[in-house]
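[1] Fold the stuff below for me.
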Amino acid sequence: MDILKDLEKRNLIHQTTDNEGLTKHLEENQVTLYCGFDPTADSLHIGHLLPITMLKRFQKAGHRPIALIGGGTGMIGDPSGRSTERSLNEATVVKGYSEKIKEQLAKLLDFDSGSNAAVARNNHDWLASMTVIDFLRDAGKHFGINYMLGKESVSARIEQGISYTEFSYMILQSLDYLKLYEQENCTMQIGGSDQWGNITAGMELIRRSREEMDEETKVFGLTVPLITKADGSKFGKTAGGSIWLDPEKTTPYEFYQFWFNADDRDVMKFLYYFTFLDQEELDQLQKEVEDTPENRLAQKRLAEEMTREVHSQEALEQAQKISASLFSGNLKELSAGDIKQGFKGVPAYEAPKEEIGLIDLLVNASISSSKRQAREDIKNGAIYINGERQQELQYVVNKEDRIDDMFTIIRRGKKKYFLVSYK
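    This next block holds a predicted model:
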């Protein structure tokens, strides 16, 4: 199956500028394509995974992907999909973000596969040295005001207001396509559906620039659909915030759980979008969702594929171990590292490394509201230490209750966990 047919089958094509021409172009050439990633934070998040996966799909089909880091455009701010102006970051901050994003992309794309190895570029290389006169003469003269006002990224902001800085973002991104066309023979740009106006503007700049040289141009654009969730919530957001690709910001366990908790109505869409599973396995998983949704086999497969792909096999196994221990209640099998991941964000209390009566610990750590309540909780069987029920009123929490001599996990009732850490 050719790449575009595969993408269509997975419902991954929202728009193309010339589907027939692009099909022929991909069949006859090893195409260089790119997608841009503006460094607006010190990590990519799962909203970036779809375009990254698209670059990987084209690379597996023999084409050559460029991951463009927006070290220049990231200092301006893309108005697409926003109702307000972005806050401008300092140059040193954007540079730091750019370096971290480049490191992440190096783990997700194949930069060592020979003739179609992925390439990382940074648009700061050509935008930072451009003078205002260069910008206006070489790029600005090709853009009519009415043309720019007609783009959704601009027109949607006219009533609320848009600065000239963000108004000009379209031209800066168009320059990216022109530079990559000239320097890398890049003839295709991909992006989210909100990037359609920027992509087509870049194609227009290439054509108008080449007209002066009487040079025929064949450049294309393709966008992927906006990811929506069946329950109406925003993809990639949880009660705890965004799901980041940096394991320090979102642990592999949290990452695994995000995918494992996918709605039955969404899981097959996510498997088609994000994984490289073959059609036979996808059909089988679809049947599992329809016949035995309670087993959550499709969600488990999705979580496995995504955690392995973004983090590692080792990280996947650790996430599975934490999940199994929490499900079974056998917490003593966990290491200190597992606990840091699995209990991130639960109420915590720091205690000295010395023996303490369970009642006093429950009160000191605000697990029970009073000594009387603590005694009732213990007698009623509501208190668990590292997964084991403790009903002895005179019980003393000691070294044997410290996992790796660092943590004790207290559970009150069925779901309320508390983490005691030791100095």
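[2] low-scoring stretches of this structure, by residue?
    Within the chain, the stretches with pLDDT under 70 are 1, 78-85, 212-215, 237-240.
[3] how far out from the middle of the chain is the longest helix anywhere in it?
    Taking DSSP state H as the assignment, the helix of the chain that covers the most residues is helix 91-108. On the basis of Cα atoms, centre = their mean, to the nearest Å, the separation between the geometric centre of helix 91-108 and that of its chain is 14 Å.
[4] Can you tell me what sits against that helix?
    37, 39-44, 52, 56, 67, 69-71, 74-75, 89, 118, 120, 122, 124, 245-246, 309-310 (Cβ atoms under 8 Å, 6 or more residues apart in numbering). (Glycine included, C-beta is placed from N, CA and C.)
[5] tell me, what residue is most central in the protein?
    Centre of the chain computed as the mean C-alpha position; nearest residue by Cα atoms, centre = their mean is residue 46, 1.5 Å away.
[6] quick revisit: flag every buried residue along the longest helix of the chain.
    Going by neighbour count (16 or more other Cβ atoms under 10 Å), the buried part of helix 91-108 is 94, 95, 97, 98, 101, 102, 104, 105, 108.
[7] Okay, the second one and residue 101: tell me how far apart.
    Spelled out, that is residue 95. 11 Å (Cβ to Cβ, to the nearest Å).
[8] show me what contacts the residue nearest to the centre of the chain?
    Counted by Cβ under 8 Å, 6+ apart, residue 46 has contacts 235, 236, 242, 243, 244, 245, 258.
[9] Buried ones among these?
    For these, a burial check counting by 16+ other Cβ under 10 Å picks out 236, 243, 244, 245, 258.
[10] I'd guessed the third one sits against residue 250; true?
    Yes: shown here, residue 244 and residue 250 form a contact pair, counting by Cβ atoms under 8 Å, at 4.3 Å.
[11] Just the CA trace of stretch 126-145, in PDB.
    Provided in PDB are the C-alpha atoms of stretch 126-145 (Å, rounded to 0.1, in the frame of the first residue of the first chain):
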ATOM      1  CA  TRP A 126      18.200  32.200   8.600                       C
ATOM      2  CA  LEU A 127      15.700  34.400  10.400                       C
ATOM      3  CA  ALA A 128      18.100  35.900  13.000                       C
ATOM      4  CA  SER A 129      20.400  37.300  10.400                       C
ATOM      5  CA  MET A 130      17.700  38.800   8.200                       C
ATOM      6  CA  THR A 131      17.400  42.600   8.200                       C
ATOM      7  CA  VAL A 132      14.100  44.400   8.200                       C
ATOM      8  CA  ILE A 133      14.900  45.600   4.700                       C
ATOM      9  CA  ASP A 134      15.600  42.000   3.500                       C
ATOM     10  CA  PHE A 135      12.300  40.900   5.100                       C
ATOM     11  CA  LEU A 136      10.200  43.600   3.400                       C
ATOM     12  CA  ARG A 137      11.900  43.400   0.000                       C
ATOM     13  CA  ASP A 138      12.400  39.700  -0.400                       C
ATOM     14  CA  ALA A 139       9.300  38.300   1.400                       C
ATOM     15  CA  GLY A 140       6.900  41.100   2.300                       C
ATOM     16  CA  LYS A 141       6.400  42.300  -1.300                       C
ATOM     17  CA  HIS A 142       4.900  38.900  -2.300                       C
ATOM     18  CA  PHE A 143       2.100  39.100   0.200                       C
ATOM     19  CA  GLY A 144      -1.000  41.200  -0.300                       C
ATOM     20  CA  ILE A 145      -2.800  42.500   2.800                       C
END
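[12] List of residues touching that stretch?
    Against stretch 126-145 from outside (Cβ under 8 Å, 6+ apart): 71-73, 170-172, 174-175, 178-179, 201, 204-205, 208-209.
[13] out of these, what pair is the most spread apart?
    Using Cβ to Cβ, the contacts of stretch 126-145 reach their maximum pairwise distance at 71 and 208, which is 25.7 Å.
[14] and the two? which has more neighbours close in?
    Neighbours were counted for residue 71 and for residue 208 using other Cβ atoms under 10 Å; residue 71 has more, 24 against 16.
[15] For burial, what's the neighbour tally of the nearest residue to the more buried one once chain neighbours are set aside?
    Distances taken as Cβ to Cβ, 6 or more residues apart in numbering place residue 124 nearest to residue 71, at 3.2 Å, with adjacent residues excluded. Other residues within reach of residue 124, judged by other Cβ under 10 Å, total 20.
[16] Helices - which of the contacts of stretch 126-145 land there?
    If you go by DSSP H, these have 170, 171, 172, 174, 175, 178, 179, 201, 204, 205, 208, 209 in helices.
[17] what's the distance between the second one and residue 8?
    The gap separating residue 171 from residue 8 is 32 Å, by Cβ to Cβ.
[18] Same question for the third one.
    When Cβ to Cβ is the yardstick, residue 172 and residue 8 sit 32 Å from each other.
[19] Pick out whichever of the two has more residues nearby.
    More neighbours surround residue 172 than the other of residue 172 and residue 8, with 21 against 13 (other Cβ under 10 Å).
[20] Could you pull up the residues touching that one?
    72, 73, 76, 123, 127.
[21] cutoff 10 Å now
    By Cβ atoms under 10 Å, 6 or more residues apart in numbering, residue 172 lies in contact with 70, 72-73, 75-76, 78, 123, 127, 130, 135, 139, 165, 198.
[22] are any of these buried, and which?
    Buried members of the contacts of residue 172, scored by 16+ other Cβ under 10 Å, are 70, 72, 73, 75, 76, 78, 123, 127, 139, 198.
[23] Just list the residues touching the residue of the chain positioned farthest from its centre, thanks.
    Relative to the centre of the chain, and counting by Cα atoms, centre = their mean, the farthest-placed residue is residue 394 at 48.7 Å. Shown in contact with residue 394 (Cβ under 10 Å, 6+ apart): 357, 358, 359, 378.
[24] rerun at 8 Å
    By Cβ under 8 Å, 6+ apart, the contact list for residue 394 reads residue 357.
[25] May I have the secondary structure class of it?
    Using DSSP: H, G, I helix; E, B strand; the rest coil, the structure places residue 394 in coil.
[26] begin at 812 from here
    Noted, 812 is the first residue going forward, which turns the last one into residue 1205.
[27] Ramachandran angles for it?
    Residue 1205 adopts backbone torsions of phi -90, psi 10, taken as degrees, to the nearest 10.
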